[in-house]
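Visitor: here's a sequence, model it:
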Amino acid sequence: VLTLSLLMFPVLRSLALQLHAAVTGSYVSGTHSIAFINCLNEQIAKDIARAIMDKKLAAYVNILPKSLALYFWKGELEESTEILLLVKTRTSKIGELSNYVRSIHPFEIPEIISLPIDQGNPLYLKWIEESVPRD
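Guide: I've put the predicted structure just below:
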């Protein structure tokens, strides 16, 4: 019983937080995330952003201008310019988003990382919720 209780705790906690949020209208920290995806150039960034939006994997994608990147690749220090996508979505969609982007991204190992949104404008967060379908 103790083991089962420990295994069920995360699920029960999540359900309790969702119920509390539904009743009170409050935001549950981490319900949404921002994913960062680097692209080689602006055209690739636009193509990936549009593909993400067409699949309804995000509510909003920013395409940030060119930035300089330094990184190690195959033991060598590399330098390049990249375009950064900021993708606003449900945290529950991050796995699907990552799998999809890896399938269409030209990089051998594309950067796809995310951070949960702790707080924000409640109306904006509600809009993300309404814009990205549930699983």
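
Visitor: so Val61 is in which element?
Guide: strand 60-73 (DSSP states H and E).

Visitor: tell me which residue is most central in the protein.
Guide: Centroid check for the chain by Cα atoms, centre = their mean gives Ala35 as the closest residue, at 3.4 Å.

Visitor: that residue and Lys74, how far apart?
Guide: 25 Å (Cβ to Cβ, to the nearest Å). Backbone N, C-alpha and C define where each C-beta goes, glycine included.

Visitor: count of neighbours near Asn38?
Guide: 21 (other Cβ atoms under 10 Å).

Visitor: contacts for stretch 56-63 next, please.
Guide: Applying Cβ atoms under 8 Å, 6 or more residues apart in numbering, the external contacts of stretch 56-63 come out as 35, 42, 45-46, 49, 52-53, 83-89, 93, 96-97, 100, 127-128, 131-133.

Visitor: separate out the buried members of those.
Guide: Neighbour counting by 16 or more other Cβ atoms under 10 Å classes 35, 45, 49, 52, 83-85, 87-89, 93, 97, 100, 128, 132 among the contacts of stretch 56-63 as buried.

Visitor: so what's the residue lying closest to Ile117 once chain neighbours are set aside up against?
Guide: Spatial nearest neighbour of Ile117, chain neighbours left out: His32 (4.5 Å); criterion: Cβ to Cβ, 6 or more residues apart in numbering. Applying Cβ under 8 Å, 6+ apart, we find His32 in contact with Lys88, Thr89, Arg90, Thr91, Pro116, Ile117, Gly120, Leu125, Ile128, Glu129.

Visitor: now, those residues that are in helices?
Guide: Per DSSP state H, helices hold the following members of these: Leu125, Ile128, Glu129.

Visitor: possible to save those residues as a markdown table with distance to Leu57 and pLDDT?
Guide: What follows is the ones in helices among the contacts of His32, written out as a markdown table (distance: Cβ to Cβ, whole Å; pLDDT from 0 to 100):
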| residue | distance to Leu57 | pLDDT |
| --- | --- | --- |
| Leu125 | 17 | 93 |
| Ile128 | 12 | 96 |
| Glu129 | 14 | 92 |
